[in-house]
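prediction below, plus the sequence it came from.
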Amino acid sequence: MTSNQIITGNESMWGNVRLSTSQIALINKSPTLVSQLLDYQAAVTAGSLNPIVQGPDGSMFFKEGGGITFASSWKTWPDGEVIGSLAHEIGHFANVKADTDFKSAYAVPSSSPDAYAMSAMVGLHQEGEAVYNNWVVQQEILSNNGPQIYLAGEYKANPDGSVSSTGLQSSLDTQHATDIRSSSLIGSDRQILIDSAMGVYATLPNSVNRQAYFNYYGAASGAQAPAPGTLQSVTFTNNNATNQIGSMSENYSSGNTIQVKFTGTAPSTSTVTNPSGNLLTENVYTSATVNANNATVNLLNGATATVNGTGNTINAGNNVTVTANGTNNTINTGANDLVCTSNNVCNVGANVATGQSIGLTTVDGNGDKIYAENPHTAVDISGQYDTAYGNNDSINFSGSTSGDAVDGTGDSGADWAGVAVDTSASTSDPYPGGSGLDCPDGIDPIIFNLAGGGVQTQGLNTSAARFDMQNSGQADRTGWGTAGEGYLLYDPNDTDNTTAITQDSQLVAGFGALQSLAQQVDGMGTGTLGASDALWQTLKVWGDTTGTGQFQSGQLYTLDQLGIAGINLDATHISQDSNGNTILDDGTYTRADGTTGDIAEVNLMFNPGNGQTPSAADTFAQKQVNQLIQAMAAYAPDAAGSIVAQALPQDQTTLQLAAH
């Protein structure tokens, strides 16, 4: 800026705003602000920007489309607050190209698991640029013997109406002092200060809808927000070698932390950890070594990863290379993946999209269970004691085939010498295109909704349930009914209700099995089964109050104890999706008071052999469900056939609503 480059206050860019002499004097103490205002004037003259106007809002300055809008009450503000606000807003215009370049560099598809956070980061960078511009103008005015002008974002309004510091001013001043003392940081000073400002602005309410800036900009992507609690803070770190953002960490009220790490401007990994620092989820974009137990690891297309630990669920995209070290892991593949693992479960093609080519997946290791998730899957198997399950698939073996086996019909392939073949397909029933297996044929349980609604289930990916679905003595990770649903079983030899329910074989295997039992015992396989039928007293309901598949003493009831008076054997086939499970047939049962409830045959999705002990259920919710079932039992008819009260007590009604 030369000596004759000053702001007079008479420029056309000011529109209907007239600054005071003292305010103009402050502007002219900052070469940066003067230069930016002259550029703004040139743009107004050229017609590419609008003159500054005074707006209807009395509380803020803001950038709106093609111009700056002053708060309606700006004339009552101190000079420093007016000029500070102006410096912040013109910073948005001065950094349009930088912001555009940043957005382009860090762009990710809307389908990315971190699309929300990346969109938030891009928006926060715009705010960080404006804050840095505001701070630079502030420092220039101070160095020219002016006062310390306002720094936008330094103060926040509290719920009680008070105002407190955000620490922004102190953070920038302290960081700058550190940077100029370090020869390695001085070149990164600008970006480090922007990172600091982004972190402060992340949790401040924006001027449009008062939502936190992080969520306001994150929602602009159209992606789903992370949901581990309320956002508490966000931290950005700088990679000083490249002068780019190195990582972004989001801390939530739940105690969980989400961290995205970058290689250059592209995300390399993102993780979710719990308050103890244990990994819950990791998304791998490029390459990583993951050390975790009972975690979910998602490998995006083309990624390479080594996963060390037990009980992990590994979801692979296409053209992925994964080495899984440990046991009780489940690997769900895409197309053309290479899986190196032993003694684990591999669901080949589970993540292949409808209509997508399955390609060829290679599984290298010993003792694996390999499930072909789609018809005509192609898989190469290298190792010993592996078993491939599927029908009409191309299964090729290489190397020693000692102990290898194929279970299915219509399969073909190379080098089957020494491979045991079971064409009965009795132990496998792969379903097309999901994240687990469905129940083997004929073991789809009958589930009661005991709370007055429709039968509800938990999807495999979110369920905490572990139950022996294969009657192997080992619990499987499985889709399951929600807490409080009941499971029908045939239990003719236990008059005291002491049987422990631990295996799928103990549950009635669908309406077909129930009709067959009714036909054998009572000579009728249709209509309504009731208390006068001989089969009635041998049927029990397991009320799983936790929804985890873990049987507890006192959860087994007779139908009479629950106030159930009849079961309609003639269910309707609906084949309806329920969170990845399938409600095959839906029917009704009748209570002693004449009302009806919902009962369904449900095909539950499960991952074989992935049955770690679930975490404890929420005790309050569990107590409510326990009370619900106890309340049903308390109002059931006794052996003499007393009638259930027509109206449920108020507290029972509340429990019904809370149970789901």
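That came in fine, so what should we check first? Numbering: from 1, shown residues only.

if you tally nearby residues, what's the number for Val17?
Close neighbours of Val17, defined as other CB atoms under 10 Å, add up to 18. Just so you know, the C-beta spots here come from the backbone N, C-alpha and C atoms, and that holds for glycine as well.

show me which residues of stretch 455-468 are buried.
Buried residues in stretch 455-468, counting neighbours by 16 or more other CB atoms under 10 Å, are found at 455-461, 463-468.

and the end-to-end length of it?
One end of stretch 455-468 sits 21 Å from the other (CA to CA, to the nearest Å).

before we move on, back to that, among the buried residues of stretch 455-468, which pair sits farthest apart?
Greatest spacing in these, by CB to CB: Gln456 and Asp468 (22.4 Å).

the stretch 1-150 of the chain: strands as residue ranges?
53-54, 62-64, 67-70 (DSSP state E, counting those that start in this stretch).

so what are the sheet partners of the shortest one and their directions?
With DSSP bridges as the criterion, the sheet partners recorded for strand 53-54 are strand 67-70 (parallel).

tell me how far the helix of greatest length in the chain lies from the chain's centre.
The helix that spans the most residues within the chain, counting by DSSP state H, is helix 115-143. With CA atoms, centre = their mean, to the nearest Å as the basis, helix 115-143 stands 30 Å off its chain's centre.

stretch 268-286 too?
The answer for stretch 268-286 is 12 Å, by CA atoms, centre = their mean.

kindly report the same for stretch 585-601.
For stretch 585-601 - counting by CA atoms, centre = their mean - the centre lies 34 Å from the chain centre.

hmm, who's touching that stretch?
444-450, 452-455, 488, 510-511, 528, 563-574, 576, 583-584, 636-637, 643-646 (CB atoms under 8 Å, 6 or more residues apart in numbering).

now do the buried residues in that stretch.
Result for stretch 585-601 [16+ other CB under 10 Å]: buried residues 585-592, 597-601.

tell me which of those is nearest to Thr269?
Distances from Thr269 to these, taken by CB to CB, are shortest for Ala600, at 41.0 Å.

got any ranges where the stretch 201-350 of the chain has weak pLDDT?
Scanning the stretch 201-350 of the chain for pLDDT under 70 picks out the ranges 227-229.

apologies, that question was intended for the chain.
For the chain (pLDDT under 70), the answer is 1-4, 57-65, 227-229, 422-443, 609-660.

contact partners for Leu299?
Val284, Ala305, Ile314, Asn315, Ala316, Gly317, Val320, Val322 are the contacts of Leu299 under CB under 8 Å, 6+ apart.

which phi and psi does it have?
phi -110, psi 110 (degrees, to the nearest 10).

for it, which residues make a bridge with it?
Val284, Ala316.

do you know how far it is from Asn336?
Separation of Leu299 from Asn336 (CB to CB, to the nearest Å): 13 Å.

swap in Thr545?
The gap separating Thr545 from Asn336 is 45 Å, by CB to CB.

who has more neighbours, those two?
Legend: neighbour count by other CB under 10 Å for Thr545 and Asn336, higher for Thr545 (26 against 17).

tell me if the more buried one really is in a strand.
No: secondary structure of Thr545 (DSSP: H, G, I helix; E, B strand; the rest coil): coil, not part of a strand.

from Asp598, how far out is it?
18 Å.

again with Thr323
When distance is defined by CB to CB, Thr323 is 46 Å away from Asp598.

my guess is Ala288 contacts Asn298, does it?
No: Ala288 lies out of contact with Asn298 (CB atoms under 8 Å); the separation is 11.1 Å.

neighbours around the closest residue to Gly390 other than its chain neighbours, how many?
What sits nearest to Gly390 in space, not counting adjacent residues and going by CB to CB, 6 or more residues apart in numbering, is Ala372, at 2.8 Å. Neighbour count for Ala372, taken as other CB under 10 Å: 29.
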